[in-house]
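Chemist: Sequence plus predicted model, see below.
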Amino acid sequence: MAKILNKFVRRYTNLSSALDILNNKRLTLLSPESWPDKNDRCFINLYCNNVKKIHALCFTQAVETFHHWAVFASGIDGICIEFDREILENYIKSSQKNIKFQSVNYARIKDINENKFCYEDIPYLKRIGYSDEHEWRIIYICDIENPEILPSFPIGLDAINCIYFNPGMPKNLSDNLKCIMKKMTEIGNLKIASSTLTNSLRWKSSGKEFFIRSIK
């Protein structure tokens, strides 16, 4: 089972979305209509009852796993942004929009049939098979006048604790991108690093040392 982050939430996304966050100091909420989990989409639609529109943004409270990179930030332009959850929540509360947030509840059909949750839990319910994701979700309920414009709310860059690049991003690209992001944010000490999940010098070094010890 994935270890839980106590103070942070992570957003796995792509480079264009990450640059939008850094340049415009905002989080843009997306339509759930493209979500591959049709069960999840169904519950979102039940909650809004086809009267209002819901946009959402999904984060994880779990530490880094290969699953997160492969599913949510695949390719060399995958990015993970780690947010200080308390600071981010304060920006959400001050946005003066109908935005809600909470951790996702993972349930069995039996739990639903036995009414173990309430109406307000509906957009935060997923099947138990997704429990390792440890999702934390923002939802925004609104009347959409222009479906081509996605809703957003402002955040300060102090909400960002660290930025990680996909482990498959070539070093020359990651070094250049790191410079661009530091200039864009004007935060000299902003922590930016490439994930070493699939290519760790420490892991490989430990393996070599273990091999030497094991054959003595």
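Modeler: Cool, the structure landed.
Chemist: Now residue 123. Nearest residue, chain neighbours left out?
Modeler: The spatially closest residue to residue 123, leaving aside those adjacent along the chain, is residue 47, at 4.6 Å (CB to CB, 6 or more residues apart in numbering). Just so you know, the C-beta spots here come from the backbone N, C-alpha and C atoms, and that holds for glycine as well.
Chemist: For that neighbour, the count of nearby residues, please.
Modeler: Using other CB atoms under 10 Å, residue 47 has 18 neighbouring residues.
Chemist: how about the host helix or strand of it: buried residues?
Modeler: In the assignment (DSSP states H and E), residue 47 maps to helix 38-48. Neighbour counts over helix 38-48 (16 or more other CB atoms under 10 Å) mark 40, 43, 44, 47, 48 as buried.
Chemist: hey, C-alpha coordinates of it in PDB?
Modeler: Listed next in PDB are the C-alpha coordinates belonging to helix 38-48 (Å, rounded to 0.1, in the frame of the first residue of the first chain):
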ATOM      1  CA  LYS A  38     -17.200   5.800 -16.300                       C
ATOM      2  CA  ASN A  39     -18.300   4.900 -12.700                       C
ATOM      3  CA  ASP A  40     -16.600   8.100 -11.500                       C
ATOM      4  CA  ARG A  41     -18.200  10.200 -14.200                       C
ATOM      5  CA  CYS A  42     -21.600   8.700 -13.400                       C
ATOM      6  CA  PHE A  43     -21.400   9.800  -9.800                       C
ATOM      7  CA  ILE A  44     -20.300  13.300 -10.800                       C
ATOM      8  CA  ASN A  45     -23.400  13.500 -13.100                       C
ATOM      9  CA  LEU A  46     -25.700  12.200 -10.300                       C
ATOM     10  CA  TYR A  47     -24.400  14.900  -8.000                       C
ATOM     11  CA  CYS A  48     -25.000  17.800 -10.300                       C
END
